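A.B. asks: Pasting the sequence and the predicted coordinates here, then a few questions.
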Amino acid sequence: MNTRVLLRQDNLFHPMDQSPSSAIRERAARIKSTAYCPHPEHKHTANPSHLKFTCPDCGVPTYCSEEHWAEDYENHLLICDTLKESNEDEHDLRSGRFFPEFEYPGEQIEEQLINMTNWDTLLYTRNCHAVDADRQQRQLTKLLTYPTTIASFLHELSPYSLRHRLTSEGLRSLSALRYTLHPPATGGGKEMKNIRTTPPPVRLFILGARAESSLPRDVWYQLAYMFPRSTFHLLFIGPESMKGREAEYPLPERTASNPYGAVTERVSYHMKISTFVEYYHTLHDAGAFAPFDPYFDCFVLFHPGLGHPGSAAEWESTLPRLLETKLPILCTGYTEEDMNRDVQWVKEKCKDEFDMLLEPGENRFKSLRWDINEYVPSPS
């Protein structure tokens, strides 16, 4: 095993286009080829200019020239420190250091309740002792934000209540799922009189899946630890749900026994994962997942861009089918602006056809690490 440290912790800052990591240099090249200069001079021109200049302070390509960078420096200062932090976090991942924060906590003792007030209380009550630095916490929450966001919504110890953002309709909707996820600690055992029927797994339909579908399975298995008496079936659905994993899991041929070409992984008795490289509305119309049950099913959309001009058309045919199932839909956004745009789009397209279960607001378990948007070089 190669344990050589490539970058020390005091040497993580490098301009992305001069990085010692080829992957980061390639990302800088993508940013330069896709993003446009944000200088006000380009806002009213038909021929915007691609990025050519890398900010010496944050190391990220941000402007078409040093002149435009200097002229717009006050605006750039608003995001410069965050971009630098993100740049250093990217180099940290490729530094070759040991990552104790990725040694995830294991089984939870039922007598020890988890505290979902915030990241600090959750990691403490989950016995995650390795996180003792801000950068370690950013790297850890970047991964754990996906299962923890779901758990914070569904768990009976959720930080969202009628006093804080949860609506009356939301409480009624979640009560069905919570009844399944937190069954009474009775029954079971080796004797005939204690035998009870095992309920079906809770199905979480994660639509428009991208990065979340390629997370280490130990990350997703944290759900099973937070709901120890339940089983889960995660269904990643979307045309990009296997992006970057083709070599690991070649897509199977579509057959009579597997008509939708699903890639199935049995993580353990408590969790099964199925991945469908297909649009949800296609599978819905074929009846692939019917019937639906509010006690066992939930939809999850991680920052889908419902109202974004580049993706709204794809969601327009999917959203009515989701509402038709009467199941809860958990939806997140990259920023408050993204979230407000998506909420407004849903209100325009499906007025009076849905109930708000949770008032829009900040995700208690958002990632503490910022990513660099390759299309608009800003933190997201």
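C.D. replies: Sure thing, it's come through.
A.B. asks: tell me the SS of Phe299?
C.D. replies: For Phe299, the secondary-structure state derived from DSSP: H, G, I helix; E, B strand; the rest coil is strand.
A.B. asks: mind checking the SS state of Lys243?
C.D. replies: For Lys243, the reduced secondary structure class is coil; criterion used: three-state DSSP.
A.B. asks: Quick check: the gap between it and Lys326.
C.D. replies: 31 Å (CB to CB, to the nearest Å). Heads up, the C-betas are built off the backbone N, CA and C, glycines and all.
A.B. asks: residue ranges with poor pLDDT in the stretch 1-150 of the chain?
C.D. replies: Applying pLDDT under 70 to the predicted model, the residue ranges of the stretch 1-150 of the chain that meet it are 1-4, 130.
A.B. asks: how does it look with 90?
C.D. replies: Along the stretch 1-150 of the chain, the model assigns pLDDT under 90 to residues 1-7, 9-10, 42-48, 108-112, 127-133.
A.B. asks: count of neighbours near Thr180?
C.D. replies: Thr180: 21 surrounding residues under other CB atoms under 10 Å.
A.B. asks: I figured it hits Pro201, correct?
C.D. replies: No: applying CB atoms under 8 Å as the test, Thr180 and Pro201 come out as separate, 9.5 Å apart.
A.B. asks: what sits in contact with each of those two?
C.D. replies: Residues touching both Thr180 and Pro201 (CB atoms under 8 Å, 6 or more residues apart in numbering): 230, 296.
A.B. asks: and Arg266, which of the three is it?
C.D. replies: Three-state assignment for Arg266 (three-state DSSP): strand.
A.B. asks: any idea how far it lies from Tyr160?
C.D. replies: In this view, Arg266 and Tyr160 are 32 Å apart by CB to CB.
A.B. asks: between these two, who's got more neighbours?
C.D. replies: For Arg266 versus Tyr160, the count of surrounding residues by other CB under 10 Å is larger for Tyr160: 21 against 8.
A.B. asks: Show the contacting residues for the more buried one.
C.D. replies: Tyr160 touches 152-153, 166, 170, 358, 364, counting by CB under 8 Å, 6+ apart.
A.B. asks: tell me the pLDDT at Asn194?
C.D. replies: Per-residue pLDDT puts Asn194 at 66.
A.B. asks: Please give the element, helix or strand, for the nearest residue in space to Ser367 that is not next to it in sequence.
C.D. replies: Nearest-residue entry for Ser367: Thr145, 4.3 Å, with adjacent residues in sequence omitted and distances by CB to CB, 6 or more residues apart in numbering. Element membership of Thr145 [criterion: DSSP states H and E] is helix 134-154.
A.B. asks: any idea how far that helix is from the chain center?
C.D. replies: The gap between the average C-alpha position of helix 134-154 and the chain average comes to 9 Å, counting by CA atoms, centre = their mean, to the nearest Å.
A.B. asks: just for the stretch 201-350 of the chain, where's the confidence low?
C.D. replies: Ranges of the stretch 201-350 of the chain meeting pLDDT under 90: 211, 243-253, 256-257, 308-311, 334-335.
A.B. asks: Helices of that one, residue ranges please.
C.D. replies: All helices of the stretch 201-350 of the chain, identified by DSSP state H, counting those that start in this stretch, fall at 217-220, 222-226, 280-285, 312-316, 319-324, 336-349.
A.B. asks: Let me know which of those helices is tucked in deepest.
C.D. replies: Ranked by average neighbour count under the criterion mean count of other CB atoms under 10 Å, the helices of the stretch 201-350 of the chain are headed by helix 222-226 at a mean of 21.
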